[in-house]
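# For reference, the sequence and a predicted model appear below.
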Amino acid sequence: MAGKKPIIAFIGRPNVGKSTLFNRLIRQRRAIVDDTPGVTRDRLYGEINWEGRFITIIDTGGFLPPEETTPILPQVIAQCQKAMEEADVIIFLTDARTGLTPVDKEIIDYLRKLQKPFLVAVNKIDSEKQMPLLDDFYALGVEKLWPISALHGHGIYELMNEAIRLLPIKEEVEEIEEVPIKIALVGRPNVGKSSLFNKLIGDERSVVSEIPGTTRDTVDTLIKRNEKKYLFMDTAGLRRKSRIKSRLEKFSVKRALTAIDNADIALVILEALEGITDQDLKIIGYALERCKCILIAVNKWDLMSATSNFEREYIEHIRKRLRFATFLPIITISALTGEGLNTLFPLFDTLYQQYSKRISTGQLNRFLKGILAKYQPPFYKNRPIKIYYVTQVDIRPPTFVFFVNYPKGIQESYKRFLINRLRELNFKHIPLKIFFRERKR
């Protein structure tokens with residue numbers, strides 16, 4: 001196993017350009033960038049290769065002055081502090097346009113107490129004409145300031161080279177990369193996604209608050225448990241389109257949907273007191289259309305009746321509303337008390353195993369022969385439909401191609417029948433894709 005990659009954390013006040021720098025370095029728009037102060041609330045991790053050196057970078061929420069405090073500010077600051085504690089080197093970003101502020105001075109005092117190497121970068125120096133704006137920042141008492149433009153890329157090469165130079169030298173051992181199971185936590189706002197996320201990874205990575213919409217970015221965390229890797233993605237709450245007003249929330253929703261697209265498993269979280277809503281059904285439908293594994297977790301079960309009969313009836317009611325996908329597994333949990341959480345990882349493993357399963361062509365066709373002996377497909381234009389053979393062509397999701405004489409003659413009802421029969425081959429809880437191709441004899 002290779003040792004942990006060295007870490008560089010970006011800290012500073014809100015809206016000084018931390019997320020812009022983060023996105024430029026990882027070469028994709030992972031962190032949300034907006035003029036609204038405090039857009040980044042959780043700490044985001046990215047991996048980069050800087051001239052042959054693999055490092056982890058962390059984007060953090062901004063420190064706010066006391067007069068601008070919000071109910072989640074203490075948790076945002078805690079996220080920043082954890083990032084600084086993890087980091088080997090810290091890059092403290094300031095804003096040339098707003099100048100030096102009392103909060104900047106508080107941050108520099110905190111950094112000196114940490115006794116870790118840090119650099120002070122003055123962002124938004126977009127041209128030589130703006131270089132005089134650096135003068136105020138020498139009051140921070142540092143020998144060297146690093147003028148940069150995160151937006152245009154000026155000065156970043158020199159800044160990162162110096163940050164890399166300050167990193168501890170660690171022996172890197174080559175390792176074979178194990179592909180993690182990718183799990184997206186999705187659901188409506190305030191159903192407990194971030195609380196569950198923090199329980200699963202054992203660290204308060206996502207800011208948890210009663211304010212709907214607290215999570216704005218998709219927060220990724222890779223963990224290892226029982227020699228298996230899991231990549232958890234905490235996402236912004238998905239509200240009905242009619243309730244999405246701001247451009248910022250629209251982008252957050254887009255990022256959450258992209259997390260589903262990239263996941264192996266969509267962990268769809270419901271709120272026990274509300275039950276399954278129309279919006280929940282839309283989220284599940286979105287994941288099904290993309291043929292993702294889906295695990296439905298009813299959170300806050302500690303607020304409900306504890307009888308087994310009630311739980312059975314409750315789940316049965318959900319299944320009735322899920323008549324288009326009755327094969328999906330449903331469990332009850334409490335992120336607050338930990339009830340039911342011990343069942344999650346075994347279910348992740350089972351779903352992923354089914355999702356990655358491959359059946360030999362010989363076994364498939366023996367199975368098909370038994371089906372056709374009892375249930376022949378209906379006629380097409382007064383001619384019998386013949387299924388010659390079937391083969392599996394892909395996994396994640398398992399995908400099958402049936403070779404027939406009249407593909408257009410296969411009705412939806414018979415297609416559903418074949419999918420349900422294929423589930424008997426240990427594909428019990430996952431979506432399957434089947435296609436029909438013409439083969440003449």
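Received it, and whenever you're ready, just let me know what you need. Numbers count the residues shown, from 1 in each chain.

# Quick one: the helices in the stretch 251-400 of the chain, in order.
278-289, 308-321, 344-355, 361-374 (DSSP state H, counting those that start in this stretch).

# Reformat the ones you listed into CSV and put mean pLDDT next to each item.
Output for the helices of the stretch 251-400 of the chain, formatted as CSV (pLDDT from 0 to 100):
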stretch, mean pLDDT
helix 278-289, 94
helix 308-321, 94
helix 344-355, 96
helix 361-374, 93
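
# can you list the ones you listed in TSV and add distance to Ile183 and mean neighbour count?
All C-beta spots, glycine's among them, are computed from the backbone N, C-alpha and C. Below are these laid out as TSV (distance: least, Cβ to Cβ, whole Å; neighbours: other Cβ atoms under 10 Å):
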stretch	distance to Ile183	mean neighbour count
helix 278-289	12	17
helix 308-321	20	13
helix 344-355	6	18
helix 361-374	29	12
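
# you'd agree Ser149 is in a strand?
No - under DSSP: H, G, I helix; E, B strand; the rest coil, Ser149 falls outside any strand and is assigned coil.

# Counting neighbours, what do you get for Leu257?
20 (other Cβ atoms under 10 Å).

# Does it touch Glu289 like I think?
No - using Cβ atoms under 8 Å, Leu257 makes no contact with Glu289, being 11.0 Å away.

# if we can go back for a sec, including distance to Tyr45, could the helices of the stretch 251-400 of the chain go into TSV?
Output for the helices of the stretch 251-400 of the chain, formatted as TSV (distance: least, Cβ to Cβ, whole Å):
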stretch	distance to Tyr45
helix 278-289	24
helix 308-321	34
helix 344-355	21
helix 361-374	42
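
# Of all those, which one is nearest Pro329?
When those are compared by Cβ to Cβ, helix 344-355 sits nearest Pro329, at 6.3 Å.

# Check what contacts the closest one and list those residues.
Outside of helix 344-355, the residues within contact range by Cβ atoms under 8 Å, 6 or more residues apart in numbering are 181, 183, 200, 225-226, 228, 230, 264-265, 267, 293, 295, 297, 329, 331, 333, 395-398, 426-430.

# per-residue confidence at Pro212?
Confidence at Pro212, expressed as pLDDT, is 40.

# what does Pro37 give?
At Pro37, pLDDT is 40.

# With Asp34 instead?
Asp34 is given a pLDDT of 39.

# Nearest to Asp126, out of the helices of the stretch 251-400 of the chain?
helix 278-289 (40.3 Å).

# so what does the closest one touch, helix or strand wise?
Counting contacts by 3 or more Cβ pairs under 8 Å, 6 or more residues apart in numbering; DSSP states H and E, helix 278-289 packs against strand 181-187, helix 247-262, strand 265-271, strand 293-299.

# Export the ones you listed as TSV, with columns for mean pLDDT and distance to Asp59.
Listed next are the helices and strands packed on helix 278-289 as TSV, based on pLDDT from 0 to 100; distance: least, Cβ to Cβ, whole Å:
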stretch	mean pLDDT	distance to Asp59
strand 181-187	93	20
helix 247-262	72	14
strand 265-271	97	24
strand 293-299	97	28
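
# low-confidence ranges in the chain?
1-4, 28-43, 62-79, 170-178, 203-219, 237, 239-252, 440-441 (pLDDT under 70).

# can you rerun that using 80?
1-4, 27-43, 51-52, 61-80, 169-178, 203-221, 236-256, 305-306, 440-441 (pLDDT under 80).

# quick check: domain ranges of it?
7-166, 181-355, 361-438 (automatic domain parsing).

# Just the buried ones from the contacts of helix 344-355?
181, 183, 200, 230, 264-265, 267, 293, 295, 297, 329, 331, 333, 397-398, 427, 429-430 (16 or more other Cβ atoms under 10 Å).

# which one of the helices of the stretch 251-400 of the chain lies closest to Glu162?
Nearest of those (Cβ to Cβ): helix 344-355, 41.6 Å.

# okay, the angle between that closest one and strand 265-271?
Interaxial angle of helix 344-355 relative to strand 265-271 (axes from the mean of the first three to the mean of the last three Cα atoms, to 10 degrees): 140 degrees.

# May I have helix 344-355 as PDB, with CA atoms only?
Output of helix 344-355 as PDB, limited to C-alpha atoms (Å, rounded to 0.1, in the frame of the first residue of the first chain):
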ATOM      1  CA  LEU A 344     -25.900  -0.700   4.800                       C
ATOM      2  CA  PHE A 345     -22.400  -1.900   3.900                       C
ATOM      3  CA  PRO A 346     -23.500  -5.600   3.400                       C
ATOM      4  CA  LEU A 347     -26.300  -4.300   1.100                       C
ATOM      5  CA  PHE A 348     -23.800  -2.100  -0.800                       C
ATOM      6  CA  ASP A 349     -21.600  -5.200  -1.300                       C
ATOM      7  CA  THR A 350     -24.600  -7.300  -2.400                       C
ATOM      8  CA  LEU A 351     -25.900  -4.700  -4.900                       C
ATOM      9  CA  TYR A 352     -22.500  -4.100  -6.400                       C
ATOM     10  CA  GLN A 353     -21.800  -7.900  -6.700                       C
ATOM     11  CA  GLN A 354     -25.100  -8.300  -8.600                       C
ATOM     12  CA  TYR A 355     -24.400  -5.200 -10.700                       C
END
